[in-house]
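**Q** fold the following.
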Amino acid sequence: MVRYVLTGHHLALNGMTGSGKSVGGGWSLLAELVTRSDVAVLAADLTKGEQSLGCMRPSLHAFVTTKDGARALLDGVHAMIRARTDYLAERGLQRWQAGCGLVYVVCWLEEAPDVIDSLTDVGRERWLSAMKAARSAGVTFVLSLQRSDWSQIPTLARGQMAKWCFGVQDSSDASFGLSEIQAERGARPELWNNRQPGMAYLDAPGIPDERLAMPMRTFTSVLTTRSSPSTRHGGQRRPSRSIPSRPPRSARPASSL
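**A** Coordinates of the predicted model:
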């Protein structure tokens, strides 16, 4: 068994439509994250709106589905970075650790290219600046998309990310979803296409070297009811809450938001 811990790095989920990256990858990982009392998940989906992540709205710290909302969300993440790194530095910490007094922030961008395209030039520069400093501040960006080439996300961002690759259309798409070591060791996600949803390869910190090109399977499910996922929660809308850049002088437990 391999234990995967998301902290300390960014992650890209790659896979074609129907490969299972939103359900098998997204729901599996998010379901684990939202149960943690010291994690806050901020999410955006401008493409599918409520369909993929709407059912999780009650457990997300923030969830936006509009361009203005996405811009404000990412500007907010950028604004919190410096205060968080200063707070950690005051305590002799070079990175976030459990119990430090700050919640860990996961910024999840579903269908990420559409979110990135919604940004102004200034907004994009701020986002890239946040990407470079975020790991030291206890912030992880997760980008879910179909193909991680230069036309979809900036090269600088792509170079910062661990790789979780689901089934893809062809070997060209696979070259953008896999790390070099995975490709050298014979990983072939194009053979799955979308016929084996949930199958994937993961190259991320903490994954043993001998497992990097080993196929894994995530849990996938298909909604069989006519109701949308959000109606299962009675259409509940939890009001958005701001994430303090730093706790007040009286030290707060990491679970406080």
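**Q** what's around the closest residue to residue 146 other than its chain neighbours, how many residues?
**A** In space, and not counting its chain neighbours, residue 146 is closest to residue 16: 5.7 Å by CB to CB, 6 or more residues apart in numbering. For every residue, glycine as well, the C-beta is placed using N, CA and C. Residues near residue 16, counting by other CB atoms under 10 Å, number 21.
**Q** can I assume residue 16 is in contact with residue 193?
**A** Yes - with contacts counted by CB atoms under 8 Å, residue 16 reaches residue 193, the gap being 7.0 Å.
**Q** any idea how far residue 134 is from the closest residue to residue 5 other than its chain neighbours?
**A** For residue 5, ignoring the flanking residues on the chain, the nearest one in space by CB to CB, 6+ apart is residue 206 at 5.6 Å. Per CB to CB, to the nearest Å, residue 206 is found 18 Å from residue 134.
**Q** compare the two (neighbour count), which wins?
**A** Neighbours per residue, other CB under 10 Å: of residue 206 and residue 134, the larger number sits with residue 134, 24 against 14.
**Q** in what helix or strand does the more buried one lie?
**A** helix 121-134 (DSSP states H and E).
**Q** can you mark which positions in that helix are buried?
**A** For helix 121-134, the buried set under the neighbour-count rule, 16 or more other CB atoms under 10 Å, comprises 123, 124, 126, 127, 128, 130, 131, 134.
**Q** over to stretch 41-60?
**A** Under 16+ other CB under 10 Å, the buried positions of stretch 41-60 are 41-46, 51-57, 60.
**Q** what is the burial count for the closest residue to residue 192 other than its chain neighbours?
**A** Sequence neighbours aside, residue 167 is the residue nearest to residue 192 in space, at 3.5 Å (criterion: CB to CB, 6+ apart). Per other CB under 10 Å, the neighbour tally for residue 167 reads 28.
**Q** could you do the one 4 residues further on as well?
**A** Residue 171 is flanked by 13 other residues according to other CB under 10 Å.
**Q** that one contacts residue 190, correct?
**A** Yes - in terms of CB under 8 Å, residue 171 counts as a neighbour of residue 190; the distance is 5.2 Å.
**Q** next secondary structure after the longest helix anywhere in the chain?
**A** Counting residues, the longest helix found in the chain (DSSP state H) is helix 67-90. With elements assigned by DSSP H and E, the helix or strand that comes after helix 67-90 is strand 104-110.
**Q** format the CA atom coordinates belonging to that following strand as CSV.
**A** Extracted in CSV, the C-alpha atoms of strand 104-110 (Å, rounded to 0.1, in the frame of the first residue of the first chain):
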residue,chain,number,x,y,z
TYR,A,104,-3.6,24.1,4.6
VAL,A,105,-5.2,25.6,1.5
VAL,A,106,-6.0,23.6,-1.6
CYS,A,107,-7.0,25.6,-4.6
TRP,A,108,-8.8,23.2,-7.0
LEU,A,109,-9.2,24.4,-10.7
GLU,A,110,-11.5,22.1,-12.6
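**Q** pull the residues that contact it.
**A** Strand 104-110 has contacts (CB atoms under 8 Å, 6 or more residues apart in numbering) with 6-7, 22, 26, 30, 33, 36, 38-45, 47-48, 52-53, 73-74, 77, 80, 96, 115-116, 138-144, 243.
**Q** quick one: buried ones out of those residues?
**A** 6-7, 22, 26, 30, 33, 36, 38-45, 52-53, 73-74, 77, 80, 96, 115-116, 138-144, 243.
**Q** from these, which land in helices?
**A** 30, 33, 52, 53, 73, 74, 77, 80, 115, 116.
**Q** let me know whether the first one touches residue 56 as I believe.
**A** Yes - with contacts counted by CB under 8 Å, residue 30 reaches residue 56, the gap being 6.0 Å.
**Q** and residue 189, how many residues sit next to it?
**A** 27.
**Q** show the backbone phi and psi for it.
**A** phi -70, psi -20 (degrees, to the nearest 10).
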